[in-house]
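Peer 1: Test case, fold it:
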Amino acid sequence: MRLLCSCGQTMILSFRMVIFEDVYQIDLVPILECENCASFELVPSIKQDVTKLLAELKQEHREGRVVFTHVNELAAVLYDIYESGQGEVELSSFEAVVIEKCEERINLLLDLYGYAKKTGDCDWMEEISFRLSGLSSFVKTRQFLET
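Peer 2: Numbers count the residues shown, from 1 in each chain. The predicted model follows:
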């Protein structure tokens, strides 16, 4: 995905580890990185989720490394796109790919939810519902780059 930086140059999708207070590490956080001035920023649509996770880690006094793509479904979809090489397209095309991949993931999660319900696994159903809620909200609002 390509976007313009405040310096006027291209920003690309990348993934980094965010370290907070030298204690909490969140790996594979999607960022937009400028190829020219080396500045970077969190992908706006996941900023709130990263902040929420940091607050939870701090509240629980849970130190160490958390892989963001394991706890955030949108980040996981973005990482899959990034790894497949589909992230190297213009913004309008990239957003279409993101929406398509989110919809595919929603369908997969709905299938998993049906299976979890069939087997009576309430914990799994709750986890899947949580994962679905973030993606469904994102697809509904389609606010990938809005703050």
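Peer 1: got any ranges where this protein has weak pLDDT?
Peer 2: 1-3, 86-92, 142-147 (pLDDT under 70).
Peer 1: at 50 instead, please
Peer 2: In the predicted model of the chain, residues 145-147 satisfy pLDDT under 50.
Peer 1: what about Lys101, how many neighbours?
Peer 2: Look at Lys101: counted by other CB atoms under 10 Å, it has 19 neighbours. For every residue, glycine as well, the C-beta is placed using N, CA and C.
Peer 1: ok, now how distant is it from Trp124?
Peer 2: 23 Å (CB to CB, to the nearest Å).
Peer 1: Next, Asp121: phi, psi?
Peer 2: phi -90, psi 90 (degrees, to the nearest 10).
Peer 1: how much space is there between it and Ile99?
Peer 2: Distance from Asp121 to Ile99, by CB to CB: 29 Å.
Peer 1: quick one: what helix or strand has the nearest residue to Met125 once chain neighbours are set aside in it?
Peer 2: Nearest residue to Met125, sequence neighbours excluded (CB to CB, 6 or more residues apart in numbering): Ala116, at 4.6 Å. Per DSSP states H and E, Ala116 falls inside helix 91-119.
Peer 1: list the buried ones in that helix?
Peer 2: For helix 91-119, a neighbour-count test (16 or more other CB atoms under 10 Å) marks 94, 97-98, 101-102, 105-106, 109, 112-113, 116 as buried.
Peer 1: just stretch 24-42 next, same as before
Peer 2: Quick answer for stretch 24-42 (16+ other CB under 10 Å): 24, 26, 28-34, 42.
Peer 1: Who are the contact partners of the residue nearest to the spatial centre of the chain?
Peer 2: Centroid check for the chain by CA atoms, centre = their mean gives Ala75 as the closest residue, at 1.8 Å. Contacts for Ala75 (CB atoms under 8 Å, 6 or more residues apart in numbering) come out as 28-30, 46, 49, 68-69.
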